[in-house]
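Participant: Sequence isn't available, so here's the structure alone:
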């Protein structure tokens with residue numbers, strides 16, 4: 001009995017983490033990124049020529065903005081959790097019925 005309850009809890013947790021992970025990975029702006037040419041040395045040439053420069057890297061200390069919680073995502077999470085809970089309860093009930101029916105049939 002406890003194994004099935006534990007399995008249902010793990011499925012709910014995995015579903016919640018997967019859905020929220022995909023919702024957070026949606027880009028907020030539709031603008032694409034274009035590569036900027038730099039005067040970096042070729043892969044085989046390790047020394048820089050006088051006057052050549054390498055462009056600055058990304059800012060490591062850039063402020064991180066948390067993704068806003070979308071109400072539609074929260075609604076979907078609730079509906080998915082309720083659906084998994086109902087599925088687990090029906091599965092558990094049918095498992096008990098099947099066990100009782102099989103035990104009655106043996107005797």
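Facilitator: Nice, thanks for sending it over. In this text the structure is predicted, and so the values were computed from the model without any measurement.

Participant: use CA for all of it now, contacts and neighbours both
Facilitator: Will do.

Participant: and the longest helix seen in the chain, what other elements does it pack with?
Facilitator: The longest helix of the chain (DSSP state H) is helix 71-106. Other elements packing on helix 71-106 under the criterion 3 or more C-alpha pairs under 8 Å, 6 or more residues apart in numbering; DSSP states H and E are helix 2-24.

Participant: avg pLDDT for the helix it packs on?
Facilitator: Per-residue pLDDT over helix 2-24 has a mean of 70.

Participant: what mean pLDDT does the longest helix of the chain have?
Facilitator: For helix 71-106, the per-residue pLDDT averages 93.

Participant: Flag every buried residue along it.
Facilitator: 77, 80, 81, 84, 85, 88, 92 (16 or more other C-alpha atoms under 10 Å).

Participant: what would those residues look like in TSV with distance to residue 69?
Facilitator: TSV is the format used below for the buried residues of helix 71-106 (distance: C-alpha to C-alpha, whole Å):
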residue	distance to residue 69
77	12
80	17
81	17
84	22
85	23
88	28
92	34
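
Participant: Tell me which two of these sit farthest apart.
Facilitator: 77 and 92 (22.4 Å; C-alpha to C-alpha).

Participant: if we can go back for a sec, just the closest of the buried residues of helix 71-106 to residue 61, please.
Facilitator: residue 77 (32.8 Å).

Participant: roughly how far apart are the closest one and residue 71?
Facilitator: 10 Å (C-alpha to C-alpha, to the nearest Å).

Participant: quick one: residue 88 and residue 5, what's the gap?
Facilitator: 7 Å.

Participant: just residue 65 next, same as before
Facilitator: 37 Å.

Participant: Please identify which of these two sits among more neighbours.
Facilitator: residue 5 (14 against 6; other C-alpha atoms under 10 Å).
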